[in-house]
Structures are given as C-alpha cells and as structure tokens.
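# Next come a sequence and a model predicted from it.
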Amino acid sequence: MASEEIERRLVAILMADVAGYSRLIGIDDEGTLARLNTHHAELIEPKIREHRGRIVRTTGDGLLVLFVSAVDALRCAVEIQRAMAQRNAQIPTDRQINFRMGVNVGDIVEGASIHGDGINVAARLEALAEAGGICVSSRVQEDAQGSLGRLGIAFEDTGQHRLKNIQRAVHVYRVLLDQADAKTRPPLSISDKPSIAVLPFQNMSGDPEQEYFADGMVEEIITGLSRFRWLFVIARNSSFVYKGRAVDVKQVGRELGVRYLLEGSVRKSANRIRIAGQLIDASSGAHLWADRFEGTIEDVFELQDQVTASVVGAIAPRLQSAEIERARRKPTESLDAYDLFLHGLASLYKFTKEGNEEALRLFYKVVELDPDYAAAYAAAAMCFSAGKGFGWVTEQEVVGEARRLARRAVQLGKDDDTVLFCAGTVLAYVARELDDGAAFLDRALQINPNLALGWSHGGLVKLWLGEPNRAIEWFAQAMRLNPIDPAIFVMQQGMAHAHFFAGRYDEAVTWAKMVLRDQPNRHGALRIAAASCALAGRGEEAKRLIARLLEIDPALRVSNLQNVLGPYVHPEHPAKYAEALRKAGLPE
C-alpha cells in the first residue's frame, strides 16, 4: 500500500457557516440555494482569491478556508461580512443570509484530508459568533493589532472560554466591524440587580393591523416588571430597536447589558388570545423558562399578569406573593377603551404631526368611553408636550388644556408611575410649573426606579431648576436603563447643557457632538455646542456652528432666544446662554 505524504504546518484558518440555514431551507429551499450560490460566485470566492486564500472544504452552508497570514484571513472575513450587510439591506429579515465566522491561527495536518487542533478551534469560534459576526482567537487578535486602522475594526474581549472537545481554555475576541461605534458605545456592565429586557413580541395573528396589540402587550409586561424595585428593566425604546429583526440573544445581552431576555408571541383571533413567552439567559443562550397562556379577550389583563408573575418567579423563586400582587393592575374595565388606547400609543410613537393629532383624537375618545382612565388623560397631555417640543403648536395655544389633562391624570392615578411621569413632564415643560412637575417625577421614580423616561425628563427638570450636577446623574441613569434608545439624543443634549451650566465647556462640546454626529441639524445640539465653544476659547469653531445654526433657523436671534429655551427658573441661566451665543456670533 502506497505511503501517504503528510505535511504539518502553521496557517490562518477561516471557518464560516450560514446562521439559521435549516430554517431558511425550510422556508424556501430553491431560492435559498440560488441566493447562496450567487453570493459565493459574486462575493465570497473572489474575496478569498483576492486575499490569497484557498478553499479546502465546503458543505451545504459551511466553508473552510486557509490563508497565509492572520491579517489576510481577518481582512477577507471583514470585507465579506460588510458586503453581506449591504446585500441584505433590502431583503426581508426572515429571508436574509447571514454568515457566522471564526478565525484562528494553528497547526493543521494536510494529507489525503485536512485536520488538526487549529481547525477544531476555528469551528468553535465560528459557533460563538452571532449572525453577521466574527470571533477570533488571541493569536489572531495579536497579529492584527498593527492593522486595526486599515481594517477599520476593533476587538471586544469576551474572556477565556472552555470550548467543546478543546482541552485548553481559549481567549476569544469579538470583532467590532464599526470601530467608531466601538469607541462611542463601550460594552455595558451588568447591573448588580437581576437585569432583563423584554423584546418585541411577534404578532402571530396573520393581520398586520394587530401589530399595535402585540406592542401594547409588551409595554404592559415591561411596566409590570418595572414595578419590582429589585429588578433592573431595560426601557421600551431600547427593546423596540430590535423589532422586526432576527436577533442573536448573546449579542443583544451585551448591547443592553442584561442577564435575561424575554421573547414571545401574541396570537389574537376572534374572541381568543394566546400569549407565548420564553425567558433566556443572555450569556449562554439557555432557555430558563417557557410557557403559554390562553384565554378570552376579556382575560387580557389577567394574562399579562400571569406572564409577568411567571417571569419574576423564574428569576427569583422566593419572591413573596405580595410583591407579585403589587405588579398587577387593570387600567380600565372597558376593553374598547383599552384597544383605542393602544392604537393611540402606536400613533403617538410615530412622532409625526399627523400621528400626534390622531393620537390625541383617540385618547379623547378613550376618556369618553371611560372617564376614569388615568393613563389616557396622561397620554393626551403628552401629545401637547410633543406638539410644543416639535414646534407643531405654541405654548400659548395648549397650556390650559395640557394643564387640565395633567392634573386630572394625577387625580385619578396618583400611584401610577407612568401617569405621574407624564403629568410631571407636562406641568414642568408646557405649564412651567416646575416645582409640581419635579415633585410628580420624583414620586414616579420612587414607585418605579426603572422608569427610564422618568430619569431622562427628570434630568431636564433638574436642569431648569438650576441643578446641573443632579441633572447629569439623572441623565446617566436614563442612558443606562435605555442604552440604545433612538431618542438618546435627548439625554445626550441634556448632558451637554448640564455640563455647560456647570462650567465644563469642553465636556459639553463632547456631548453635543455625539448628537450632531447622527443629527447634524439638531437645533439644541448646535446651540449648546456653539455656546460651549465660545466660552471654551474655541472661537472659530463656535462661529462655524453658528453659521450652520442660522442655515436651518435664519430667524434666530439673541433677542428671541427665549422662544427655544426651556423654562429656566433662575434668570442668570438663560442670560449666560444668550451671552455665550452672542460671543459665538449670533446676531442681536
């Protein structure tokens, strides 16, 4: 028998496979295979050749490629993943082809077949990666350090891992494909409290019009969980960033800084409703609890309570029943009113003039059906706050009605944290009743310390009351509870103003620029950046910012500045603001 020639050598190894391949084949086998072949022919194989790689093994969805250097292997993986993200941009989430990749440097034995410990480690690294992501070993991370700038990446250290069938622990790094994002959004630390995020539930009703019902269900569960002071609950706005997306639970856990995730679905048909939920350990992906709840539509509030209590029970089995009872509340006896209320919230969250007007109309209809529905009065009052904030109405036009709705909401819901938050915000911002507004926001946070919007809007009130350092503390807590809120610019802009009034002008500029990076025409961020640059001695930069500000608001003058500022209680604060903008070049 002829002897087999065997070669042992050190190489860079790239392993890749398609995340959720079996599911994609189950949905559309021919279409999936055709699209995968196209990606191979047009992108993957040319990139491998470009970076001196050699494909040595393929499976239905998998790939083993050898490279001369770790940098070549990593560059190839990065360019493929970025190109795949662009190719997937217009594809429905459930049809997207996303690769998981692992890159390692190690020994291989090459003869009639290729094997070795280095390949086994690469395969385990691939399994750790999320869809669209790359995990690498410490050797790859070390070899690539000199090329990070050219690659435009950064690394997240995930620590030592015990990998299946690998005797030694392997230090694993996650590739951050957006280096700028890695700098501005470092990994979040996990709270000392049990921490949880409730992801948007799937609407299984087969009717897109029922989407609002599933969203409303999640909001109620978040509210219920938030009432437990020993829980750290991520706010709705950050959770809903993941709506309509296929998610990797480990990645979501890292991004939100939580230990647990709740996923679920809602099916509503005729007079029946079914809620399914599963609690997941975000660090391991393990399922800790799953259950299904069914009943008639009249049972909707009881079903929400069952889900909330079951999740809490899974996290803390010794929770006293009295604490569970405190999380239960029935906002209204009228199911028609509740349905309209959810429709109103869906319209309000569009943040458009038309959506705001429709929401207000619906909330007024709700209180016609149920005159004691506190949350509806509070939500209607918030429509006036949004209208003033976006410039759709003037304060003079709405102040009387906004005050009436806010006061009525507090009268009916004096122990409801969301009602108190809304009323406090409206009274402070629209009615300029700062002391009462601050008191209601403080009470809301005593009831529910997880209320991110309470911390955010409360920070603004602290700022207007002349307490910039307290405001900074409140904004920081809001951002921790709501770390990827699409409206995080409100907190960042608040931070900039607080540092400005505290005399820390360079820090104020830094926070303002976080806003301007994504929203270059944001009025408040341009204003506070220009004012801060002027007082920090950065005159030329201040003038450039004023020029941009006047492009978007040509009528702005020092003399009418009060029209766009908050209700500061101490006159020296708007005076300081005006003087700084005058120094920056804003006309009188």
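Perfect, thanks for sending it.
# Quick check: Leu261 is in a strand.
Yes - Leu261 sits within a strand when classified using DSSP: H, G, I helix; E, B strand; the rest coil.
# Would you mind listing the residues in contact with it?
Counting by Cβ atoms under 8 Å, 6 or more residues apart in numbering, Leu261 makes contact with 196-199, 249, 252-253, 279-280, 282. Where you see a C-beta, it was placed from the backbone N, CA and C, and this is true even at glycine.
# Kindly report the same for Arg407.
423, 427.
# That one: which element?
Taking DSSP states H and E as the definition, Arg407 sits inside helix 395-412.
# Tell me how many other residues crowd Asp17.
As a burial measure, Asp17 scores 19 neighbours (other Cβ atoms under 10 Å).
# Need the pLDDT of it.
If you check Asp17, the pLDDT there is 92.
# Please apply the same query to the one 5 residues further on.
Here, the pLDDT recorded for Ser22 equals 80.
# What is the subsequent helix or strand relative to the one helix or strand it maps to?
Assigned by DSSP H and E, Ser22 falls within helix 21-27. Next helix or strand after helix 21-27 toward the C-terminus (DSSP H and E): helix 29-39.
# what comes up buried for that following helix?
By neighbour count with 16 or more other Cβ atoms under 10 Å, helix 29-39 contains the buried residues 32, 35-36, 39.
# Dump these into a markdown table; add distance to Lys268 and pLDDT as well.
Conversion of those to a markdown table gives the following (distance: Cβ to Cβ, whole Å; pLDDT from 0 to 100):
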| residue | distance to Lys268 | pLDDT |
| --- | --- | --- |
| Thr32 | 31 | 88 |
| Arg35 | 34 | 90 |
| Leu36 | 36 | 91 |
| His39 | 38 | 93 |
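# hmm, back to that, going by neighbour count, which of the contacts of Leu261 comes out on top?
Val198 (30 neighbours).
# Next, it: phi, psi?
phi -100, psi 110 (degrees, to the nearest 10).
# likewise Asp291?
Dihedral angles (degrees, to the nearest 10) for Asp291: phi -160, psi 170.
# What of Val233?
According to degrees, to the nearest 10, Val233 has phi -120, psi 120.
# what are the bridge partners for it, then?
Going by DSSP bridges, Val233 is paired in beta bridges with Ile196.
# Please verify my assumption that it contacts Ser226.
Yes - between Val233 and Ser226 there is a contact at 4.5 Å, judged by Cβ atoms under 8 Å.
# Common neighbours of the two, please.
With Cβ under 8 Å, 6+ apart as the test, Val233 and Ser226 both reach Asn450.
# just for the stretch 1-150 of the chain, where's the confidence low?
Low-confidence segments of the stretch 1-150 of the chain (pLDDT under 70): 1-8, 111-113, 149.
# Which strands or helices does the helix or strand where Arg480 lies pack on?
Here Arg480 sits within helix 468-481, counting by DSSP H and E. With contacts taken as 3 or more Cβ pairs under 8 Å, 6 or more residues apart in numbering; DSSP states H and E, helix 468-481 sits against helix 452-464, helix 489-501.
# hang on, the earlier thing: same list, the buried residues of helix 29-39, but as a markdown table with distance to Val241 please.
Shown next, in a markdown table, are the buried residues of helix 29-39 (distance: Cβ to Cβ, whole Å):
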| residue | distance to Val241 |
| --- | --- |
| Thr32 | 27 |
| Arg35 | 27 |
| Leu36 | 28 |
| His39 | 27 |
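# Thought Ser205 was touching Ser269, still the case?
Yes - under the criterion of Cβ under 8 Å, Ser269 makes contact with Ser205 at 6.2 Å.
# the more surrounded of these two?
Between Ser269 and Ser205, Ser205 has the larger neighbour count (other Cβ under 10 Å), namely 18 against 13.
# Test my guess that the more buried one contacts Ser265.
No - using Cβ under 8 Å, Ser205 is not in contact with Ser265, being 9.6 Å away.
# and for those two, which residues touch both?
With Cβ under 8 Å, 6+ apart, Ser205 and Ser265 have common neighbours Ala214.
# on that earlier part again, going by neighbour count, list what's buried in the helix holding Arg480.
For helix 468-481, by 16+ other Cβ under 10 Å, it's 468, 470-472, 474-475, 477-481.
# Show residues contacting it.
188, 191, 232-235, 238, 257, 450-453, 455-456, 458-460, 462-463, 485, 488, 491-492, 494-495, 497-502.
# Ile275: which element?
Using DSSP H and E, Ile275 falls in strand 272-281.
# Would you mind listing the buried residues in that strand?
Buried, per 16+ other Cβ under 10 Å, within strand 272-281: 273-280.
# do the same with stretch 376-389
Buried, per 16+ other Cβ under 10 Å, within stretch 376-389: 376-388.
# okay, these in JSON lines with secondary structure next?
Conversion of the buried residues of stretch 376-389 to JSON lines gives the following (three-state DSSP):
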{"residue": "Ala376", "secondary structure": "helix"}
{"residue": "Tyr377", "secondary structure": "helix"}
{"residue": "Ala378", "secondary structure": "helix"}
{"residue": "Ala379", "secondary structure": "helix"}
{"residue": "Ala380", "secondary structure": "helix"}
{"residue": "Ala381", "secondary structure": "helix"}
{"residue": "Met382", "secondary structure": "helix"}
{"residue": "Cys383", "secondary structure": "helix"}
{"residue": "Phe384", "secondary structure": "helix"}
{"residue": "Ser385", "secondary structure": "helix"}
{"residue": "Ala386", "secondary structure": "helix"}
{"residue": "Gly387", "secondary structure": "helix"}
{"residue": "Lys388", "secondary structure": "helix"}
